[in-house]
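Chemist: Just a sequence and a predicted model for now, questions to come.
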Amino acid sequence: MKNVIAQVVVGLPVPGPFDYLIPPQYTDKIAIGTRVRVTFGPQKCVGYVVGLLAKSRYPKERLKMIHELLDTQPSLNGELLKLTREVAEYYGCSLGEVIESALPEQLRRGQCIELPPLNDSPSLGRGSGGKEISLVKPVLLYDPLEEKSWDYLFEAVESALQQKQGVVFLVPDMATADQACRFLRARLSQPIAVLDRHAKEHLEHWLKIRAGELNMVIGSRSAVFAPVDRLGLMIVYDEENFSYKQEQSPYYHARDVALMRSRLTGARVILVSRCPSLESWSAAEKKKYELVSFPVQKKGADLQIVDLTNYKSAKMGVLSVPLRDAVEKTLARKEKVLLFLNRKGFSTLATCEKCHFILKCPRCATSLVYLFVQKTMVCRHCNYREVPPAVCPECQGAYLRFLGLGTEKLESEMARLFPQYRVSRLDKDTHEFKEDFDILIATQAILKFSREIGVAVVGVFNIDAELNRPDLHGAHKVFTLLSQLRYIAREKVIVQTRLATNACLKAAAKDDWKLFCHQEFKLRRELKLPPFYHLISVIVRGRNQQTTAEQADLLYQQLKNVGTTGNVEIFDPHPDILPKLRDKYRYIILLKGKSVKAMLAVLRGTLKAFKRKAGVLISVNVDP
């Protein structure tokens, strides 16, 4: 009996698949993995065939017809379809959303592109007859100085390529991709494909990978889905970097997807880090991962904690006495200074002296940042821009005061304090790094140039903002940052803080990674936080604040009424860290438990029965 029904998913946060009638002219051409154009709701959109049936469970007259078959070949092979299913299952999102994350933009938009035939060679994880073979334990490569890890990685890459296996090298950003390319191209004759979603060559490279013409791939987060033939090795460089976590649905983490793909294919996974994520370090301690570490041959710069509570800020200015003294002595020796401040712009707050009105983004309700060079107020979340008003919009007061410290203001202050020295500034918008400076003001963009600069002293500003932020990973980010800065400075790193007794800063001052892990594990175990428990964040969004709040509260009540066994904790809704973002109010319901599967079981049934109002969106973020 012929298949006349196609099960189709779409790239929207809706459950599926949905049954569609196959037109007679496509009956013998349509296949699982092909793209189709379908009517979904009031509009036409691109769909993905994930199943074929001879008969639907719905009456034929209720089914819509597929409008167009966009491919003669499947866009995704069976292995990647299995992976996308597993990702959708674990992260509680729709299969269509994950499939779209795996495809180039041109395919997602529905362009008709001639796809090369799929290679049917078996994956490494299957033996003869399709039987499972033993999988290689993931490797956690711990290299605080990043001096020996590259040689280790090259040997692993070379070994995989010699065996005609595919390699995927994941990096947190394209600057690191350039670094990896330079290193590998200098030692390999193998051509390398760089998958960059923003590059015009992205589709061309993706098609060559799919055709088996290129099997060495370097790319950021989405490259974890690269259609590499006979995948044998996956490398996740700087595996602790939170750039690997998708910030919108599907909220997948590329490191964890790499581990999922390894289990499906038998490919070896190497996680590389100078300060591993606590999840990976815990897995290594439990012998789930093989730990490979390199002893530190040289000591990093000393780290000095300056307690700002001991100084009067009005008299001190932006530089504490110890930091100013160190800067002056360093400059007098004709050596260089780096001042680290991870906050762009001139000021972070514009307020009226008379009525205390604060200039905020109308879309996000957060304070606007003033960019002095561009003479513009900008929202750091949605990029809304406006010209600074001449008078207060609220009371027509004549004076607006710009508060807070950004890199532009710090640059101006250093030029005032040290007029005889060259002061430069570097942030993520700086494309070319110039070394002709005496004082460099930089954001975390400096980390990608860490091998190219030579500074004696590093001063760190506003580290308290990271530690005070309600972020599970905040302390780890701070420890990692300070560890990296220790190896940029030749002599000393000076950290200005009002949290001098913070355990993270104390561990960083001792350069003691194991002490930091011990403290964090103890705290997280007591609070039932990852890696001992899992968290799921349910995000309720809408344009009307009252409606959104009511929907969040109703959903919470229904979740509580499911009657959990006690293995899942459900916390009442609260405004998100950003209560309003891009014109939508946001409320969070948090779930905590040891099993993601158990928490999703509670969620799925409730969300399916939940009657949401028009304009209210609900998304699920597993392991936020």
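Modeler: That came through, no problem.
Chemist: ok, the residue nearest to Glu394 when sequence neighbours are not counted - contacts?
Modeler: Once flanking residues are discounted, Glu394 sits nearest to Phe357: 3.9 Å by CB to CB, 6 or more residues apart in numbering. For the C-beta atoms, the positions are set from N, CA and C on the backbone; glycine is no exception. Phe357 sits next to 351, 392-395 when contact means CB atoms under 8 Å, 6 or more residues apart in numbering.
Chemist: Closest to Pro579 out of these?
Modeler: Checking the contacts of Phe357 against Pro579 by CB to CB gives Thr351 as the nearest, at 19.5 Å.
Chemist: least trustworthy helix or strand in this protein by mean pLDDT?
Modeler: Lowest mean confidence among the helices and strands of the chain (mean pLDDT, DSSP states H and E): helix 313-316, at a mean of 64.
Chemist: what's the spacing between the next helix or strand after it and its chain's center?
Modeler: Where DSSP states H and E defines the elements, the next helix or strand beyond helix 313-316 is helix 321-332. Using CA atoms, centre = their mean, to the nearest Å, the mean C-alpha position of helix 321-332 is found 37 Å from that of the whole chain.
Chemist: How about residues contacting the helix or strand just after helix 321-332?
Modeler: The first helix or strand that comes after helix 321-332 along the chain, using DSSP H and E, is strand 337-340. Strand 337-340 is contacted by residues 327, 330-331, 410, 414, 438-444, 446, 453, 455-461, 485, 488-489 when judged by CB under 8 Å, 6+ apart.
Chemist: Same question for stretch 477-493.
Modeler: Contacts for stretch 477-493 (CB under 8 Å, 6+ apart): 144-145, 240, 242, 274-275, 300-304, 326, 330, 338, 340, 444, 446-447, 450, 453-460, 463, 466-467, 471, 495, 504-505, 507-508, 511, 513, 516.
Chemist: Now the terminal residues of that stretch, how far apart.
Modeler: This stretch, stretch 477-493, spans 17 Å end to end (CA to CA, to the nearest Å).
Chemist: So for it, what gets flagged as buried?
Modeler: With burial defined by 16 or more other CB atoms under 10 Å, the residues of stretch 477-493 counted as buried are 477-489, 492-493.
Chemist: now do stretch 164-183
Modeler: Judged by neighbour count using 16+ other CB under 10 Å, the buried positions of stretch 164-183 are 165-174, 176-177, 179-181.
Chemist: Can you flag the buried ones in the contacts of Phe357?
Modeler: Of the contacts of Phe357, these count as buried by 16+ other CB under 10 Å: 351, 392.
Chemist: can you tell me which of the contacts of Phe357 are in helices?
Modeler: Of those, none are assigned to helices by DSSP state H.
Chemist: between the contacts of Phe357, which is nearest Leu600?
Modeler: Checking these against Leu600 with CB to CB, the nearest one is Thr351 at 44.5 Å.
Chemist: quick check: longest helix of the protein.
Modeler: Scanning the chain for the helix with the most residues, using DSSP H, yields helix 545-561.
Chemist: same for that one, what does it pack against?
Modeler: strand 534-542, strand 568-581, strand 584-593, helix 596-609 (3 or more CB pairs under 8 Å, 6 or more residues apart in numbering; DSSP states H and E).
Chemist: Can you give me the buried ones in that helix?
Modeler: Here helix 545-561 shows 547-552, 554-556, 559 as buried, counting by 16+ other CB under 10 Å.
Chemist: Looking at those residues, which one is closest to Arg582?
Modeler: Nearest to Arg582 among those is Thr548, at 13.6 Å by CB to CB.
Chemist: Quick check: closest non-adjacent residue to that closest one.
Modeler: Gly542 (3.6 Å).
Chemist: Which strand residues bridge that neighbour?
Modeler: Beta-bridge partners for Gly542, by DSSP bridges, are Tyr585.
Chemist: check contacts around it.
Modeler: Taking CB under 8 Å, 6+ apart as the test, what Gly542 contacts is 548, 551, 584-585, 613, 615-617.
Chemist: Any quick ChimeraX command for the buried ones out of those residues?
Modeler: Selecting only the buried entries of the contacts of Gly542 in ChimeraX, with 16+ other CB under 10 Å as the criterion:
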select :548,551,584,585,616,617
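Chemist: What is the lowest-pLDDT residue among the contacts of Gly542?
Modeler: Of all the contacts of Gly542, Gly615 carries the smallest pLDDT score, 89.
Chemist: hang on, isn't that one packed against Gln545?
Modeler: No - look at Gly615 against Gln545 with CB atoms under 8 Å: they stay out of range, at 11.8 Å.
Chemist: Please work out which residues outside the host helix or strand of Val49 touch it.
Modeler: Using DSSP H and E, Val49 falls within strand 43-53. For strand 43-53, contacts defined as CB under 8 Å, 6+ apart pick out 3-12, 16-20, 30-38, 40, 66-67, 70, 75-76, 81, 95-96, 99, 107-110.
Chemist: give me that answer again for 7 Å
Modeler: Outside strand 43-53, the residues that touch it by CB atoms under 7 Å, 6 or more residues apart in numbering are 3, 5-10, 17, 30, 32-38, 67, 81, 95-96, 99, 108, 110.
Chemist: Tell me which strands that strand pairs with, and in which orientation.
Modeler: Strand 43-53 sits in its sheet next to strand 5-10 (antiparallel), strand 35-40 (antiparallel), going by DSSP bridges.
Chemist: Run through the stretch 151-300 of the chain and note the low-pLDDT ranges.
Modeler: For the stretch 151-300 of the chain, the stretches flagged by pLDDT under 70 are 297.
Chemist: residue ranges for the strands of it, please.
Modeler: When secondary structure is read from DSSP state E, counting those that start in this stretch, the stretch 151-300 of the chain shows strands at 166-170, 193-195, 216-219, 231-237, 268-273, 290-293.
Chemist: Which other helices and strands does the last one contact?
Modeler: By that I understand strand 290-293. Here strand 290-293 touches strand 139-142, going by 3 or more CB pairs under 7 Å, 6 or more residues apart in numbering; DSSP states H and E.
Chemist: mind running it again at 10 Å?
Modeler: strand 139-142, strand 268-273, helix 278-285 (3 or more CB pairs under 10 Å, 6 or more residues apart in numbering; DSSP states H and E).
Chemist: Check the fifth one too.
Modeler: Taking 3+ CB pairs under 10 Å, 6+ apart as contact, the helices and strands that strand 268-273 lies on are strand 139-142, helix 149-162, strand 166-170, strand 231-237, helix 254-265, helix 278-285, strand 290-293.
Chemist: between it and helix 254-265, how many degrees?
Modeler: Relative orientation of strand 268-273 and helix 254-265, computed by axes from the mean of the first three to the mean of the last three CA atoms, to 10 degrees: 160 degrees.
Chemist: Assign a three-state SS to the closest residue in space to Asp307 that isn't next to it in sequence, would you?
Modeler: Once flanking residues are discounted, Asp307 sits nearest to Ala500: 3.9 Å by CB to CB, 6+ apart. Assigned with DSSP: H, G, I helix; E, B strand; the rest coil, Ala500 falls in the coil class.
Chemist: Look up how far Asp302 lies from Ala500.
Modeler: Distance, Ala500 to Asp302, using CB to CB, to the nearest Å: 16 Å.
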